[in-house]
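A.B. asks: what follows is a predicted protein model with its sequence.
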Amino acid sequence: MPLYVLMTNELIFSQSTIFLELILAALLGTFLGLEREYIGKIAGARTYALVSMGAALFTILSREEFKIYGNAFDPSRIPSQILVGIGFIGAGIIIHQGIQVRGITTAAGLWVVASLGMAIGFGMYEVAVFVAVLAFIIMFFVGKLEVNSGLKEIEKRKQEK
C-alpha cells in the first residue's frame, strides 16, 4: 500500500477517534451539569459540557503534538494550563454574600469536569466514566443528604454567631 494511503487511513482513524472522545467528554460534562441545572445553579449542563469538551480537546492537542514532535515537546504544558484556566473560572463563580459563600460546589464540579475531559483526552475512558458516576453520586445524593439531615442549617447558625 502506498505511504499516502496508510497516512490517510491513520489520519481518518485518528480523527474519528478524536471525534468520539470529544462526544464522550461532552456527554459526561452534560451528565454532571444536569444536576447543577436541576437545582438551579448558574453553571449548568451547557457550561459543564463545554468545559469538559474543551479540556479534552486541549489534552488531545497536547497528546497529538507529542506524537509528532516527540521529546521536543513537553506534553504536560497544555494540560497544566487547563488547571489554571479552570481556577480562574471557578474563582469567578464563587460569590461571597455576607458571611455565606456560594458557588463552591459548582466551581469544584467544573474542576472535576475539566479532569474528565483531560482523562478522555489521554484515552482513560473507563476512569472518566467512573469519576463521572462517582461525582454525580456525590453532587446529587450527598447534596440531598446535607439538606435532609439539617447539616446546612447547623453550619449556617454557627457562622451567624
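C.D. replies: On my side now, so go ahead.
A.B. asks: okay, CA-based contacts and neighbour counts for the rest of this
C.D. replies: Will do.
A.B. asks: the residue most central in space within the chain sits in which helix or strand?
C.D. replies: Against the mean C-alpha coordinate of the chain, by C-alpha atoms, centre = their mean, the closest residue is Val113 at 1.6 Å. For Val113, the host element (DSSP states H and E) is helix 104-121.
A.B. asks: where do the helices sit along this protein?
C.D. replies: Remark: helices assigned in the chain by DSSP state H are 3-38, 45-69, 77-93, 104-121, 125-136, 143-149, 151-160.
A.B. asks: take those and lay them out in a markdown table including mean pLDDT.
C.D. replies: Shown next, in a markdown table, are the helices of the chain (pLDDT from 0 to 100):
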| stretch | mean pLDDT |
| --- | --- |
| helix 3-38 | 78 |
| helix 45-69 | 87 |
| helix 77-93 | 85 |
| helix 104-121 | 90 |
| helix 125-136 | 93 |
| helix 143-149 | 76 |
| helix 151-160 | 59 |
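A.B. asks: which of the ones you listed sits most buried?
C.D. replies: Ranked by mean neighbour count under mean count of other C-alpha atoms under 10 Å, the helices of the chain are led by helix 104-121, which reaches a mean of 24.
A.B. asks: Leu110 and Ala49 touch, don't they?
C.D. replies: No: Leu110 lies out of contact with Ala49 (C-alpha atoms under 8 Å); the separation is 9.5 Å.
A.B. asks: just the C-alphas of stretch 82-100, formatted as PDB.
C.D. replies: The C-alpha trace of stretch 82-100 is given here as PDB (Å, rounded to 0.1, in the frame of the first residue of the first chain):
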ATOM      1  CA  ILE A  82      -6.200  23.900  31.800                       C
ATOM      2  CA  LEU A  83      -6.000  23.800  35.600                       C
ATOM      3  CA  VAL A  84      -5.000  27.500  35.700                       C
ATOM      4  CA  GLY A  85      -7.900  28.400  33.400                       C
ATOM      5  CA  ILE A  86     -10.400  26.400  35.400                       C
ATOM      6  CA  GLY A  87      -9.200  28.000  38.600                       C
ATOM      7  CA  PHE A  88      -9.900  31.400  37.000                       C
ATOM      8  CA  ILE A  89     -13.400  30.400  36.000                       C
ATOM      9  CA  GLY A  90     -14.000  28.800  39.400                       C
ATOM     10  CA  ALA A  91     -12.900  31.900  41.200                       C
ATOM     11  CA  GLY A  92     -15.500  33.900  39.200                       C
ATOM     12  CA  ILE A  93     -18.300  31.500  40.200                       C
ATOM     13  CA  ILE A  94     -17.600  31.700  43.900                       C
ATOM     14  CA  ILE A  95     -19.600  34.600  45.500                       C
ATOM     15  CA  HIS A  96     -19.400  36.000  49.000                       C
ATOM     16  CA  GLN A  97     -22.800  37.200  50.400                       C
ATOM     17  CA  GLY A  98     -22.300  38.500  53.900                       C
ATOM     18  CA  ILE A  99     -20.900  35.600  55.900                       C
ATOM     19  CA  GLN A 100     -22.100  33.000  53.300                       C
END
